[in-house]
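In: Take a look and give me a structure for this.
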Amino acid sequence: MKSEKDLDFKVILIGYCYFMILNYWTLYININIFLKGGCVNSSLNELESFLDANSMIKKIKGTNDIVENTYIWEWVEDKFKEVAKRFGFSEIRTPIFEATELFNRGVGKETDIVQKEMYTFEDKGGRSITLRPEGTAPVMRAFVEHSLASKGLPQKFFYLGPMFRYERPQAGRLRQFHQYGIELIGSSLPVADAYTILVAVEILKAVGLENFKLKINSTGCQKCRAGYKKALKEYYRPLLNNLCDDCKRRYDRNVLRLLDCKRDAEYAKSAPNILDYLCDDCKAHFNELKSLLDTLNIEYEVDPSIVRGLDYYTRTVFEIKYPSLGAQDAIIGGGRYDNLIEELGGAPTPSVGFAVGMERIMLALTSEGKLPSPRGVDLYVVTVGDEQRADALKISRELSKYMRVDIDLMGRKLKAQFSNASRENARYVLVIGEEEVKSGLYTLKRMSDRTQMKLSIDEVVMEIKGKRRLESFEQENTTFGS
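Out: Residues are numbered from 1 along each chain as shown. Sure, this is the predicted structure:
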């Protein structure tokens, strides 16, 4: 025999099912009546507008929000800037969009960047505008436009900012990505190339990276490239039917671009070696560069396959790779571009530089476990009661001249304020209560060992800056010595 409870449960369950079926049937009938009423298009538009207005707007594909790890970016950027300044480079800032012709002439019409990857649009004045896909051409444009050669050579700049390329997003390669780069303008000597590579190596060491590999090559000059281009055409001619459409088109326009085609990379492996076609001057330049790198004890590998993906390179080209990143392992790329400024309307001016992919640097740091720890505030100011908030503001304003300070802005209780100080990794907590305000002596708590002390504001500054402990140490040693 089934219990009454089981029967009651079944009755309730069956009733609920009938209720749901009735609701869905009513909805079905209403929809049919609605559709037959001829209001479909307008109502669907209203529905679409409602959904658009109330749906969450998300970031564009291929972009990234830097939110919780901003401190890592700041740390890396500061290290890179510090190294550049130590080597005599100053910062230059150019617009994130330029006339499209700048990249057509500078980067090269037959490059993948110009043909496939640029964000180009027409502005309201009918001008063709492009979001910068790289940083060198804009810097060289600024050099010419502002007659910077008149200030003396060499001119040495570094830049940092977002670049834009329409590529398939993947790890270390986004549609909006960030580059740090340096440009050394005015010297054609191999020592300038070595100097540039030295800076590239030093910035990686500054952030603690070790497992990278430097690869160098020479792409020659216009004089010796003529023979090399002829040899390339002879090599690729029997293979034309097997090449991709892009390579078939570039065969006549710029055969060098076939060497960095991703689809036909296997053919490039057996292509003629550019080093066999260098003229005497280019050979001497490359040999001296290698000698200088040897003198600096910078390890390198000569790799004839490196040609770089931009048309402006001449002679020296180099890449620094981080093998553990896989296919996208190039974290720095650079070289010499002696003809670029002339192509942009300036006087012939040799130049050399490099660019760093910041997103890939972050991946490399993660791979090596070299990410810095988040740095908290130096001092967190808490109040015992609401009456001390004005005092907390005044004291925070004064102490912020010497250190990083934060205060409670949410009206938390004292215990909750201490919890928030711990969450912000505060080194010290300053307690302000009625007694502290009257006496001018404040309770300072060192969070690392929970030591508490009563100090004046001047002594608080000395304690947190380390000067108070240094003075105490010196006094102890003086007493001991006497």
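In: My read is that residue 156 contacts residue 183, right?
Out: Yes. Look at residue 156 against residue 183 with C-beta atoms under 8 Å: they come within range, at 7.3 Å. Backbone N, C-alpha and C define where each C-beta goes, glycine included.
In: What mean pLDDT does stretch 95-114 get?
Out: Averaged across stretch 95-114, the pLDDT comes to 89.
In: Number of residues surrounding the closest residue to residue 176 other than its chain neighbours?
Out: Spatially, and ignoring its direct neighbours in sequence, residue 176 is nearest to residue 63 (4.7 Å; C-beta to C-beta, 6 or more residues apart in numbering). If you count neighbours by other C-beta atoms under 10 Å, residue 63 ends up with 14.
In: what residues are up against residue 63?
Out: Shown in contact with residue 63 (C-beta atoms under 8 Å, 6 or more residues apart in numbering): 174-176.
In: What helix or strand is residue 215 located in?
Out: If you go by DSSP states H and E, residue 215 is part of strand 213-218.
In: nope, residue 460 is what I meant
Out: According to DSSP H and E, residue 460 maps onto helix 457-465.
In: So for that helix, what gets flagged as buried?
Out: Across helix 457-465, burial judged by 16 or more other C-beta atoms under 10 Å covers 459-464.
In: same deal with stretch 65-79?
Out: Going by neighbour count (16+ other C-beta under 10 Å), the buried part of stretch 65-79 is 72, 75-76, 79.
In: what's in contact with that stretch?
Out: Contacts for stretch 65-79 (C-beta under 8 Å, 6+ apart): 59, 160, 180, 203, 206-207, 358, 361-362, 365, 371-372, 374-375.
In: and if you look at stretch 85-92?
Out: Residues contacting stretch 85-92 (C-beta under 8 Å, 6+ apart): 81, 84, 139, 142, 156-160, 182-184, 195, 198-199, 202.
In: where does the protein dip in pLDDT?
Out: Counting by pLDDT under 70, the chain shows low-confidence ranges at 1-54, 308-311, 467-482.
In: Break it down into its domains, please.
Out: 4-54, 70-221+279-368, 379-481 (automatic domain parsing).
In: Could you say which of these is packed most deeply?
Out: Highest mean neighbour count among the domains of the chain (mean count of other C-beta atoms under 10 Å): domain 70-221+279-368, with a mean of 18.
In: ranges for the helices of the stretch 251-400 of the chain?
Out: In the stretch 251-400 of the chain, the segments counted as helices under DSSP state H, counting those that start in this stretch are 265-269, 280-295, 340-343, 358-368, 389-399.
In: tell me what the fourth one is packed against?
Out: Using 3 or more C-beta pairs under 8 Å, 6 or more residues apart in numbering; DSSP states H and E as the contact test, the elements touching helix 358-368 are helix 70-86, strand 176-185, strand 330-336.
In: could you dump the first one to CSV, C-alpha only?
Out: Output in CSV follows, covering the C-alpha atoms of helix 70-86 (Å, rounded to 0.1, in the frame of the first residue of the first chain):
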residue,chain,number,x,y,z
THR,A,70,48.5,46.4,-14.7
TYR,A,71,51.3,46.6,-12.2
ILE,A,72,53.3,44.1,-14.3
TRP,A,73,53.0,46.2,-17.4
GLU,A,74,54.0,49.3,-15.4
TRP,A,75,57.0,47.4,-14.0
VAL,A,76,58.2,46.1,-17.4
GLU,A,77,57.6,49.5,-19.1
ASP,A,78,59.6,51.3,-16.4
LYS,A,79,62.5,48.8,-16.7
PHE,A,80,62.6,49.2,-20.5
LYS,A,81,62.5,53.0,-20.3
GLU,A,82,65.2,53.0,-17.6
VAL,A,83,67.5,51.0,-19.8
ALA,A,84,66.9,53.2,-22.9
LYS,A,85,67.6,56.4,-20.9
ARG,A,86,70.8,54.9,-19.6
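In: any idea which helix or strand comes after that helix?
Out: Helix 70-86 is succeeded, C-terminally, by strand 90-91 (DSSP H and E).
In: distance of the closest residue to residue 127 other than its chain neighbours from residue 339?
Out: In this structure, residue 127 finds its nearest non-sequential neighbour in residue 99, 6.9 Å apart by C-beta to C-beta, 6+ apart. Distance of residue 99 to residue 339, computed by C-beta to C-beta, to the nearest Å: 20 Å.
In: can you check residue 201 too?
Out: The value you get for residue 201 to residue 339, if C-beta to C-beta is used, is 26 Å.
In: And for residue 169?
Out: 33 Å.
In: What of residue 426?
Out: For residue 426, the distance to residue 339 (C-beta to C-beta) stands at 55 Å.
In: Also residue 315?
Out: 10 Å.
In: same thing with residue 397?
Out: 56 Å.
In: Check residue 354 too.
Out: Note on residue 354: its distance to residue 339, by C-beta to C-beta, is 18 Å.
In: now do residue 139
Out: As judged by C-beta to C-beta, residue 139 and residue 339 stand 15 Å apart.
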